[in-house]
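# Need a 3D model of the sequence below.
(one chain, ligands or ions: 2)
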Amino acid sequence: MTTTVPEIRRGLAGVVADTTEISTVIRETNSLTYRGYPVQDLAASRSFEEVAHLLWHGDLPDPAQLREFRARERALRPLGRTTSELLARLPETCHPMDVLRTAVSLFGAEDPIEDDDGTAANRAKSLALLAKLPTVVAADQRRRRGLSPIPPDSDLGYAENFFQMCFGAVPEPEVVRCFEISLVLYAEHSFNASTFTARVVTSTLSDLYSAVTAAIGALKGPLHGGANEAVMHMLEEIGDPARAGEWLDGALAAKRKIMGFGHRVYRHGDSRVPMMQDALDRLVSRATDSEATRLATLHESLRRAVLTRKGIHPNLDYPAGLAYHLMGFDTPTFTPIFVMSRITGWTAHITEQLAHNALIRPLASYTGPGQRPVPTVP
Ligand SMILES: CC(=O)SCCNC(=O)CCNC(=O)[C@H](O)C(C)(C)COP(=O)(O)OP(=O)(O)OC[C@H]1O[C@@H](n2cnc3c(N)ncnc32)[C@H](O)[C@@H]1OP(=O)(O)O
Ligand SMILES: O=C([O-])CC(=O)C(=O)O
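Numbers count the residues shown, from 1 in each chain. Ligands and ions are numbered 1, 2, ... in the order given. This is a model prediction of the structure:
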């Protein structure tokens, strides 16, 4: 008798798990589209709020729809008293991704809507999360700096309000623009690990908050969203641009992964990098201190060294990490900013999964001991 060994695709590499109408990477042109629109064109001409509407509703909003979307988002920004008080009690040493994960869990516990299978209910929850997450992230960064929170300002747009809540001031429009570009580029990327996590949880007919909480956990890891923070730690570890090559040799010899490089889907470079790198270059050219130039030189030296030695290109986390540093955010705030953006993609996928649900439950090829009797208790 012959036994067929099933093909195992570790990490589900190359496996097509389902269809999606939300976004796609077109390998031939190395491009990414959201609902058919090239992401670079969206980032160049549309606000993050318009892109959120596009991802959720399938099309860009008309002026009236955008006005309504903005008014609803702005009204939902404040946190409830219980949430604020509970979050303020978390240890100050805890990672902001843990704060955010806990916040979403609390929002779920406080949400009176029980009916989770309705698209309308999920859309309302998605908008509330989009509106409230920046309030949590900004308050937490201020808490770590020993400062009290700044309430949201409903006269300001999504990106401007976030700066205001973090720093008590809105920077020049050029800086806000670079930030908004990062939000649009980070918003959605098909079946990446955190989105797939959200879809797995949703596939059991669990609720949206549980799916988002799990997705935050998946994004936190340094092989995924946590890489934007890890990039900054790596640049700090290297320090001197002249050391980039020597540091890289040591890291590769020690079999370390170089953070912000490589990608499961793109083999010849992440389609989002050129636009984010351009935004980063603009931030560097605005900076008046030599520190920004040193970091930018180091960043570029390492990029060239990794390409020469390994033939590997940077992913979006590589320019985004340094860009967030130059905008003034603390390093642990970088991945939470990714969450503020990706909440749009996650929740679009949650709605799509529910609309055509099939329980996600793959098989495993067992390699443990053969069946054996349980020994009698001595
Ligand atoms: C927004 C995002 O989430 S983008 C991803 C952010 N993550 C990172 O930047 C972390 C660093 N990068 C990595 O660890 C990987 O490139 C991943 C996890 C992103 C993709 O991994 P996979 O598709 O599984 O590719 P895999 O890890 O098998 O890499 C293939 C080969 O390239 C090498 N490689 C890939 N990325 C890197 C890297 N960053 N540093 C060093 N070597 C790398 C691997 O060692 C492997 O070499 P080998 O065949 O000689 O063993
Ligand atoms: O697609 C992936 O595997 C990771 C990624 O770039 C993203 O989630 O933006």
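
# For residue 4, give me the pLDDT.
Looking at residue 4, its pLDDT reads 71.

# Oh, that last question was meant for residue 116, not what I typed.
Taking residue 116 on its own, its pLDDT is 52.

# With the one 3 residues further on instead?
Confidence at residue 119, expressed as pLDDT, is 84.

# Can you tell me the closest non-neighbouring residue to it?
Of all residues not flanking residue 119 in the chain, residue 351 sits nearest, at 5.7 Å (Cβ to Cβ, 6 or more residues apart in numbering). All C-beta atoms are positioned from the backbone trio N, CA, C, and that covers glycine.

# What is the burial count for that neighbour?
Residues within reach of residue 351, counting by other Cβ atoms under 10 Å, total 20.

# Geometric centre of this structure: which residue is closest?
The centre of the chain sits closest to residue 338, judged by Cα atoms, centre = their mean, with a distance of 3.2 Å.

# For the residue nearest to that residue when sequence neighbours are not counted, which residues are in contact?
Spatial nearest neighbour of residue 338, chain neighbours left out: residue 225 (4.5 Å); criterion: Cβ to Cβ, 6+ apart. By Cβ atoms under 8 Å, 6 or more residues apart in numbering, the residues touching residue 225 are 194, 219, 317, 335, 338-339, 342.

# Columns secondary structure and distance to residue 82 on top of the residues you listed, output as JSON lines?
What follows is the contacts of residue 225, written out as JSON lines (DSSP: H, G, I helix; E, B strand; the rest coil; distance: Cβ to Cβ, whole Å):
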{"residue": "194", "secondary structure": "helix", "distance to residue 82": "27"}
{"residue": "219", "secondary structure": "helix", "distance to residue 82": "25"}
{"residue": "317", "secondary structure": "helix", "distance to residue 82": "34"}
{"residue": "335", "secondary structure": "helix", "distance to residue 82": "25"}
{"residue": "338", "secondary structure": "helix", "distance to residue 82": "26"}
{"residue": "339", "secondary structure": "helix", "distance to residue 82": "21"}
{"residue": "342", "secondary structure": "helix", "distance to residue 82": "26"}
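
# Start and end of stretch 355-373, how far apart?
With Cα to Cα, to the nearest Å as the measure, the first residue of stretch 355-373 is 46 Å from its last.

# contacting residues around it?
For stretch 355-373, with Cβ under 8 Å, 6+ apart as the criterion, the contacting residues are 5-6, 8, 12, 17-19, 119, 199-200, 202-205.

# on that earlier part again, what sits against the residue nearest to residue 119?
When the contact criterion is Cβ under 8 Å, 6+ apart, the partners of residue 351 are 56, 119, 122-123, 126.

# Can I get the buried part of those residues as one ChimeraX selection?
What follows is the ChimeraX syntax selecting those of the contacts of residue 351 that are buried according to 16 or more other Cβ atoms under 10 Å:
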select :56,122,123,126
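
# Of the contacts of residue 351, which belong to helices?
Residues from the contacts of residue 351 lying in helices, with DSSP state H as the criterion: 56, 119, 122-123, 126.

# With respect to pLDDT, which of those ranks lowest?
For pLDDT, the smallest value among those belongs to residue 119: 84.

# just checking, it touches residue 353?
No. Counting by Cβ atoms under 8 Å, residue 119 sits too far from residue 353 to count as a contact (11.5 Å).

# quick revisit: columns distance to ligand 1 on top of the contacts of residue 225, output as a markdown table?
As requested, the contacts of residue 225 are arranged in a markdown table below (distance: Cβ to the nearest ligand atom, whole Å):
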| residue | distance to ligand 1 |
| --- | --- |
| 194 | 8 |
| 219 | 8 |
| 317 | 5 |
| 335 | 10 |
| 338 | 7 |
| 339 | 12 |
| 342 | 9 |
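
# out of the contacts of residue 351, who's nearest residue 270?
Within the contacts of residue 351, the smallest distance to residue 270 is 24.2 Å, found for residue 56 (Cβ to Cβ).

# Now that closest one. Nearest residue, chain neighbours left out?
Nearest-residue entry for residue 56: residue 348, 5.5 Å, with adjacent residues in sequence omitted and distances by Cβ to Cβ, 6+ apart.

# so which helix or strand takes in that neighbour?
Secondary-structure element containing residue 348, defined by DSSP states H and E: helix 334-355.

# low-scoring pLDDT stretches of the stretch 201-350 of the chain, where are they?
Within the stretch 201-350 of the chain, no stretch has pLDDT under 70.

# tell me which parts of it are close to ligand 1?
223-225, 227, 257-264, 310, 312, 315-317 (Cβ under 6 Å from any ligand atom).

# Take those residues and keep only those in helices.
Filtering those for helices - DSSP H - leaves 227, 310, 317.

# so the second one sits right up against residue 249, yeah?
No. Counting by Cβ under 8 Å, residue 310 does not reach residue 249; the two are 11.0 Å apart.

# packing partners for whichever strand or helix holds residue 85?
Using DSSP H and E, residue 85 falls within helix 81-88. In terms of contacts (3 or more Cβ pairs under 8 Å, 6 or more residues apart in numbering; DSSP states H and E), helix 81-88 is packed against helix 96-110, helix 119-144.

# can I get the ones you listed in CSV with distance to ligand 1?
Below are the helices and strands packed on helix 81-88 laid out as CSV (distance: least, Cβ to the nearest ligand atom, whole Å):
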stretch, distance to ligand 1
helix 96-110, 14
helix 119-144, 18
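
# For ligand 2, tell me which of the residues of the stretch 201-350 of the chain next to ligand 1 show up nearby.
Taking Cβ under 6 Å from any ligand atom, the overlap between those and the neighbourhood of ligand 2 is 264, 315-316.

# Output these in TSV; the columns should cover distance to residue 92.
Putting these into TSV (distance: Cβ to Cβ, whole Å) gives the following:
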residue	distance to residue 92
264	35
315	31
316	29
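
# quick one, the helix holding residue 348 and helix 119-144 angle?
Relative orientation of helix 334-355 versus helix 119-144 (axes from the mean of the first three to the mean of the last three Cα atoms, to 10 degrees): 170 degrees.

# tell me, how many neighbours does the nearest residue to residue 294 once chain neighbours are set aside end up with?
The shortest distance from residue 294 to any residue other than its chain neighbours is 6.5 Å, reached at residue 241 (Cβ to Cβ, 6+ apart). Taking other Cβ under 10 Å as the criterion, the count of residues near residue 241 is 18.
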